[in-house]
Structure formats: structure tokens, C-alpha cells
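Let's see this in three dimensions:
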Amino acid sequence: ACRALVDELEWEIAQVDPKKTIQMGSFRINPDGSQSVVEVPYARSEAHLTELLERVCEKMKEYGEKVDPSTHRKTYVRVISHDGTKMDLSGVKIDGDVASSLKFVCESIAEEYEDELIEFLSHEAENVKDRLCSKRT
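Alright, predicted model coming up:
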């Protein structure tokens, strides 16, 4: 569930125009007449990431459960591609219960680890999934 959440967040971030920026900092006027406003890329801004975290778990209804035949380990895989291409769904269980429990777990992770998710995703970090889903949580 954590890995699916990070995948979705990274995909959403990649969809934002890299030229789009947001103004951050204080809008107060300093004694010298200047302002402490900085423009940062919108895609990885705290405002954008917070907004994504509020709605990203809705995407979990586009996932199914796949069981590895040799290890019997369950994983969650997208059953609807982002771009509409056909997907190999052999061995994937598509079920409302799976989707709703995945959504619930996703919301729990997003709520409990909101600060860590924002911290990791605000910088283009390597191995976010491993660092967050295996080590931190």
C-alpha cells in the first residue's frame, strides 16, 4: 500500500509543468522595503504535496491484488493504466473489498506519515519507496 501510494504521488508530481512555480515566504514588507518572497517549483512544493495527499488515495480503486505463485506474497498493481494502454491482468484479483481496504490503508499511511512524505517528496530523492516504505514506516 505504501509503495502504491508513493508510485501515485511520483506520477502526479511528474504531470506538473516543470516551469510552474509558486511564491513562498513572507509577504510582509521588510523595513528596507523588500519582501522575503521566493519562487519555488510548484510540483514539489509543500502546498501541492499537501493537496495531493488529500486526494491520492482515491486512485487505489484502480488497483488489484496479485499473488506471486512461488512466494505467495501479495502485491498491489494498477489495473487501469495512466495512459489508457492495455495491461496484463493475468493473476490479478480485482475486487471491491481489496480496493476499499487498500484505500483505507493508504489514507492511514498518508495521515500518519504526512510530514515524512512531504519531506521526502519535496526534494527529488533517490529510492523514496525503499527509504519510506521499508525503513521509515
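
which residues of this protein fall in strands?
21-29, 35-41, 63-67, 74-78, 92-93 (DSSP state E).

Just say which of those is most tucked in.
strand 63-67 (a mean of 18; mean count of other CB atoms under 10 Å). Using the backbone N, CA and C atoms, a C-beta is placed for each residue, glycine as well.

which residues does residue 1 contact?
60, 76, 102, 105-106, 109 (CB atoms under 8 Å, 6 or more residues apart in numbering).

pLDDT and distance to residue 38 for these - can I get that in JSON lines?
Formatted as JSON lines, the contacts of residue 1 follow (pLDDT from 0 to 100; distance: CB to CB, whole Å):
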{"residue": "60", "pLDDT": "92", "distance to residue 38": "35"}
{"residue": "76", "pLDDT": "88", "distance to residue 38": "38"}
{"residue": "102", "pLDDT": "92", "distance to residue 38": "38"}
{"residue": "105", "pLDDT": "93", "distance to residue 38": "36"}
{"residue": "106", "pLDDT": "94", "distance to residue 38": "32"}
{"residue": "109", "pLDDT": "93", "distance to residue 38": "30"}
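
which of these sit farthest apart?
76 and 109 (12.5 Å; CB to CB).

Please determine how far the closest residue to residue 91 other than its chain neighbours is located from residue 21.
Among residues not flanking residue 91 along the chain, residue 66 sits closest, at 5.6 Å (CB to CB, 6 or more residues apart in numbering). Computed as CB to CB, to the nearest Å, the residue 66 to residue 21 distance reads 39 Å.

Now the phi/psi pair for residue 122, please.
Backbone torsions for residue 122, taken as degrees, to the nearest 10, come to phi -70, psi -20.

oh, I was asking about residue 81
Torsion angles, degrees, to the nearest 10, at residue 81: phi -70, psi 160.

show me what contacts residue 63?
4, 76-79, 98-99, 102.

swap the cut-off to 10 Å and go again
1, 4, 7-8, 75-80, 92, 94, 98-99, 102-103, 106 (CB atoms under 10 Å, 6 or more residues apart in numbering).

burial count for residue 88?
7 (other CB atoms under 10 Å).
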